[in-house]
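In: Next one to model:
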Amino acid sequence: MTVYVDADACPVKAEALRVAERHGAEVLYVANGGLRPVDHPLARMVYVPEGPDEADKWIAERAGPGDVVITADIPLAAKAVAAGARVLNHTGEAFTKANIGQKLATRDLMADLRAADPFRQGGGKGFGKADRSRFLDALERELSAATRR
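Out: Below you'll find the predicted structure:
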């Protein structure tokens, strides 16, 4: 069981390790660089080449049944779900076979809307304590379920 963290802009890196440690799961932080190494026996930094989606490609090639992927990238989430991995975003929302199609369609629609109005500003909401708490609960559930497989 491995926890793959799409780490470039992930606000819950420390929390992922804390929960994974309780389950004895290895945590791989995958990034293009710029992250401080983590000194923990269950954690490993994986630096991929510079370029768009290189971390996503690396994770997608490796994640599978029994693994958990943490990402906000919906195309990566779709690939990981298709490979049988459990997938969460940083707010604890699960991506599943039942909802990933809708998530991809919504992502594409929003991209089209943003392209149609280049002067639109904002749109994202902040990340707060409630989001962090939901993530911790969701990761605990996912790792417990992956252990029972």
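
In: Which residue ranges of the protein form strands?
Out: Using DSSP state E, the strands of the chain run over residues 2-6, 26-31, 43-47, 68-70, 86-88, 94-95.

In: quick one, which of those is nearest to L143?
Out: Taking C-beta to C-beta, strand 68-70 is the member of the strands of the chain nearest to L143, at 6.2 Å. (Glycine included, C-beta is placed from N, CA and C.)

In: What lies in contact with stretch 74-83?
Out: 4, 6, 53, 56, 59-60, 63-65, 67, 69, 71, 87, 89, 95-97, 100, 103-104, 107 (C-beta atoms under 8 Å, 6 or more residues apart in numbering).

In: thinking again about what came up before, give me whichever of the strands of the chain is most buried.
Out: Comparing these on average neighbours per residue, with mean count of other C-beta atoms under 10 Å, the densest one is strand 68-70 at a mean of 29.

In: if we can go back for a sec, which of the strands of the chain sits closest to A138?
Out: A138 sits nearest to strand 86-88 of all the strands of the chain, at 5.4 Å, using C-beta to C-beta.

In: Roughly how far does T106 sit from F95?
Out: As for T106, its distance to F95 is 12 Å (criterion: C-beta to C-beta, to the nearest Å).

In: buried ones in the longest helix along the chain?
Out: The single longest helix within the chain, with elements called by DSSP state H, is helix 129-148. Using 16 or more other C-beta atoms under 10 Å as the test for burial, helix 129-148 gives D131, R132, R134, F135, L136, A138, L139, E142, L143, A146.

In: same deal with stretch 92-107?
Out: Using 16+ other C-beta under 10 Å as the test for burial, stretch 92-107 gives G92, E93, A94, F95, I100, K103.

In: What lies in contact with that stretch?
Out: With C-beta under 8 Å, 6+ apart, stretch 92-107 has contacts from 74-75, 77-78, 80-81, 86-89, 131, 134-139, 142.

In: How about N89: what's its closest non-neighbour residue?
Out: The spatial neighbour of N89 that comes closest, neighbours along the chain excluded (C-beta to C-beta, 6 or more residues apart in numbering), is A72 at 4.9 Å.
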